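*Asks:* need a structure here:
(chains A, B, C, D, E and F)
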4 protein chains.
Amino acid sequence: MATATQSEGSPVINRGRPRDASRDEALRTAAVEVMAEVGYRALTMDAVAARAKAGKATIYRRWESKLDLIIDTCSRLVNRNVPVPDTGSPAKDLRGILRDFSGFLQGPAGKAAQALVGELPHEPELATAFRATFLAHQRSVVLSILQRGVDSGEFDRSAPLELVAEQAAAAICYRLMLTGESLSDEWVDELVDRGLLPMLR
Amino acid sequence: MATATQSEGSPVINRGRPRDASRDEALRTAAVEVMAEVGYRALTMDAVAARAKAGKATIYRRWESKLDLIIDTCSRLVNRNVPVPDTGSPAKDLRGILRDFSGFLQGPAGKAAQALVGELPHEPELATAFRATFLAHQRSVVLSILQRGVDSGEFDRSAPLELVAEQAAAAICYRLMLTGESLSDEWVDELVDRGLLPMLR
Amino acid sequence: MATATQSEGSPVINRGRPRDASRDEALRTAAVEVMAEVGYRALTMDAVAARAKAGKATIYRRWESKLDLIIDTCSRLVNRNVPVPDTGSPAKDLRGILRDFSGFLQGPAGKAAQALVGELPHEPELATAFRATFLAHQRSVVLSILQRGVDSGEFDRSAPLELVAEQAAAAICYRLMLTGESLSDEWVDELVDRGLLPMLR
Amino acid sequence: MATATQSEGSPVINRGRPRDASRDEALRTAAVEVMAEVGYRALTMDAVAARAKAGKATIYRRWESKLDLIIDTCSRLVNRNVPVPDTGSPAKDLRGILRDFSGFLQGPAGKAAQALVGELPHEPELATAFRATFLAHQRSVVLSILQRGVDSGEFDRSAPLELVAEQAAAAICYRLMLTGESLSDEWVDELVDRGLLPMLR
DNA sequence: GATTAATCGAGACGGTACGTCAAGTCTTGAT
DNA sequence: ATCAAGACTTGACGTACCGTCTCGATTAATC
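*Replies:* Numbering: from 1, shown residues only, chains lettered A, B, ... in the order given. Sure, this is the predicted structure:
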């Protein structure tokens, strides 16, 4: 999988005109816009290039394929700095972080994620990257909150934390991608109170 | 959305050679086979036509597009007669039906469903059909089992049945489509025992 | 090559519904009309069938192919009864018959003939039929007039009659099909007086 | 009608990769070959593309249609440098140039020309181009020889030169396209001696 | 300051699939 | 057996997109 900028400290000195970093930005922006408008399937490299007023070669110099472009673009959307709430109440923190995720996923990142799901079974690299970026971070954050609850004695020591984290993510993704219903704060609260907390005793 | 055979009792007399129903069958079979081999993205109408020894026009006479063909084909896969278990133990029934769903979704139908998810946001008709076929039936079956449990007093009267049914579907879909982990019977049992039953008291 | 009506005195008695002869007429009329409107290339069997309110099978029961239909249809246009003029003056008769041919060829028959020319090299049967119908009759009529002139002593005994007849036909076809200029009576007269008569002394 | 290469001195600067002129050549060569093998009707763009190892888009970038491709290709065949004979004897020159034309038209160019004739009535642009390329040059060359004969006093001053030139072309085209007889040198000589020279006194 | 080499936008290139259309055959119910 | 209607297979059509390539023109680091 290609990356937009070579980050290894190569001993080879770079001769010639260096890449214009502003093109990276313009291309990723264009990709997100086109993706949001027409979806993954109907997104064409020509359209992205045209929107960014770039040549197609400029795209392929940075990313190996349409899929690669989209994965990289979406990853950057996801890898933002989420301030993990720590109010002293794990239940409250859980509601907080899931509200945050829900809100975030109702934006372009959610649409992008959904567009990629259909490609996962036949694109192993994509699947790996997708799980590493979209799923892993969310999961670890939720798990840390759950663990904090166990440590403080608020949650049962023998509660299936992994399963709870998975159920939290599953509920959000199901609504987002399958039923298409909105991820309102009220719904998140009900999910936590009546769906997740019972699993934690 | 096109349907392969007009079923309404139309007052218009049917003139000309009627559609060859065996072609419907052959085309749907070919579509499933090709889909299973190469996935949705790489499935081509030419390939389906060739496999069914049919002309492309014969496909387009029945379905408007590749998507339409796949939706219809998959819907028929899903709408099978699931014998709803009734052992007297709602918990057992729940495990049974979810095991059944899980097994079924690990076959071609599951792959097909996943392939369609990415198209939902930009294809309202597809979304409607998808939810009506893939989701609604599963949901109603689960709900009927839950209700039986409430009626028999085994489940709490105030339990959030809708939410439980949603969580059951969400868990399965999340594993199937997002994490890609297998839907083993053991996992289903754990899901029911530690994820769903706690929500029912 | 098929003919529209079986003319051989077959001993086989005809069972079942006999062919509707009025359909022959309707189909030929439709063929001429469509041909005149869009030309040979763009003429479709569906269009002819639709115009004649007939089924395609009804056409193919009578003619083997599109080409066959057109050849047969055009032949009937050409094989009309031309009253060969005989005024006592062979030169006058020549002008008369060529004026007649010219006028006739500016109608649908001329368009049809032109449409067929492009097909001749790769359709030997068509070529044979074309020459037998479109060319042979015209030629024999002209030749008979020329011979009459020789017999009466008005034309030279050693004149190349075949060549003259060919030049007459060539001139008309060239204008009709190649240059597209009109075949006016004045032009025909000039052709005869300054082109053909000098060849006859 | 499209032309393969823009030749006007356009003020617009040429951006992007320029057309590969060698593809023009390869495509025209392929077109002539396929045309010679199967004729105009059976010539397919796919066949031409395959023979030239080109994509279909590369053809359609240069020519609007099959017809356009063939017209352009044939025009180049026709527009060769014919050395107009000048032996001092206009009659001899006339025989020479008509022998040359005849020989040339029995090759691929003649077949191509014939294929196009049937399209002329319904394709005004084609007709114009056809007349400008196939007919005009031939005609002017013949006329120049005739004029030379008039100037030298060998041909009558009041001879209908235009008509003679037209008859010459008509005779050749008629044999080539209509009767299909061969354009032998003997026949050309007879045409000149007994058909054309008598018109010139 | 001149040279060098990789960049840039633009768009042509071979290839593949698309969805449409026509030719000629076959199948229905009705006459 | 005929008729109109229209479904059927086959195969070409002209378009669109992918990923590569080639052009003239920048642009920065090296010489």
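*Asks:* Centre of the chain to stretch A:181-194, how far?
*Replies:* Relative to the mean C-alpha coordinate of its chain, stretch A:181-194 is positioned 20 Å out (C-alpha atoms, centre = their mean, to the nearest Å).
*Asks:* Next SSE downstream of the longest helix along chain A?
*Replies:* For chain A, the helix that runs over the most residues, judged by DSSP state H, is helix A:21-42. Going down the chain from helix A:21-42, the next helix or strand is helix A:45-51, by DSSP states H and E.
*Asks:* Give the rounded mean pLDDT of that next one.
*Replies:* Averaging pLDDT along helix A:45-51 gives 96.
*Asks:* just how off-centre is it within its chain?
*Replies:* Distance, centroid of helix A:45-51 to centroid of chain: 23 Å (C-alpha atoms, centre = their mean).
*Asks:* hmm, who's touching that helix?
*Replies:* Counting by C-beta atoms under 8 Å, 6 or more residues apart in numbering or on different chains, helix A:45-51 makes contact with A:27, A:30-31, A:33-34, A:38, A:55-56, A:58-60, A:66, A:69, all of which sit outside it. For the C-beta atoms, the positions are set from N, CA and C on the backbone; glycine is no exception.
*Asks:* And DNA strand F, is that helix touching that?
*Replies:* Yes. Residues of helix A:45-51 contacting DNA strand F under C-beta under 7 Å from any atom of the strand: A:45-46.
*Asks:* Restrict that helix to CA atoms and write it as PDB.
*Replies:* The C-alpha coordinates for helix A:45-51 follow below in PDB (Å, rounded to 0.1, in the frame of the first residue of the first chain):
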ATOM      1  CA  MET A  45     -10.200   8.800 -10.800                       C
ATOM      2  CA  ASP A  46     -10.800  11.300 -13.600                       C
ATOM      3  CA  ALA A  47     -13.400  13.000 -11.500                       C
ATOM      4  CA  VAL A  48     -11.100  13.300  -8.500                       C
ATOM      5  CA  ALA A  49      -8.300  14.600 -10.700                       C
ATOM      6  CA  ALA A  50     -10.600  17.100 -12.400                       C
ATOM      7  CA  ARG A  51     -12.000  18.300  -9.100                       C
END
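*Asks:* Just the buried residues of that helix, please?
*Replies:* Neighbour counts over helix A:45-51 (16 or more other C-beta atoms under 10 Å in any protein chain shown) mark A:45, A:47-49, A:51 as buried.
*Asks:* Kindly indicate which of those residues lies nearest D:G180.
*Replies:* A:M45 (53.9 Å; C-beta to C-beta).
*Asks:* and A:S158, backbone torsions?
*Replies:* Torsion angles at A:S158 (phi, psi; degrees, to the nearest 10) stand at phi -100, psi 10.
*Asks:* what's the spacing between it and B:R194?
*Replies:* 10 Å (C-beta to C-beta, to the nearest Å).
*Asks:* Max pairwise distance over the buried residues of helix A:45-51: which two?
*Replies:* Greatest spacing in those, by C-beta to C-beta: A:M45 and A:R51 (10.8 Å).
*Asks:* For the nearest residue to A:L116 once chain neighbours are set aside, grab the count of nearby residues.
*Replies:* Closest residue to A:L116 apart from its sequence neighbours, by C-beta to C-beta, 6 or more residues apart in numbering or on different chains: A:F130 at 5.7 Å. For A:F130, the neighbour count with other C-beta atoms under 10 Å in any protein chain shown is 24.
*Asks:* Please name the residues that touch A:F130.
*Replies:* Taking C-beta under 8 Å, 6+ apart, one finds A:71, A:113, A:116, A:120 in contact with A:F130.
*Asks:* In helices, which of the residues you listed fall?
*Replies:* Those of those lying in helices (DSSP H): A:71, A:113, A:116.
*Asks:* The last one: neighbour count?
*Replies:* So the one you mean is A:L116. For A:L116, the neighbour count with other C-beta under 10 Å is 23.
*Asks:* do the same with A:L94
*Replies:* Each residue near A:L94 was counted by other C-beta under 10 Å, and the total is 27.
*Asks:* Could you look up the SS state of it?
*Replies:* Following DSSP: H, G, I helix; E, B strand; the rest coil, A:L94 is assigned to helix.
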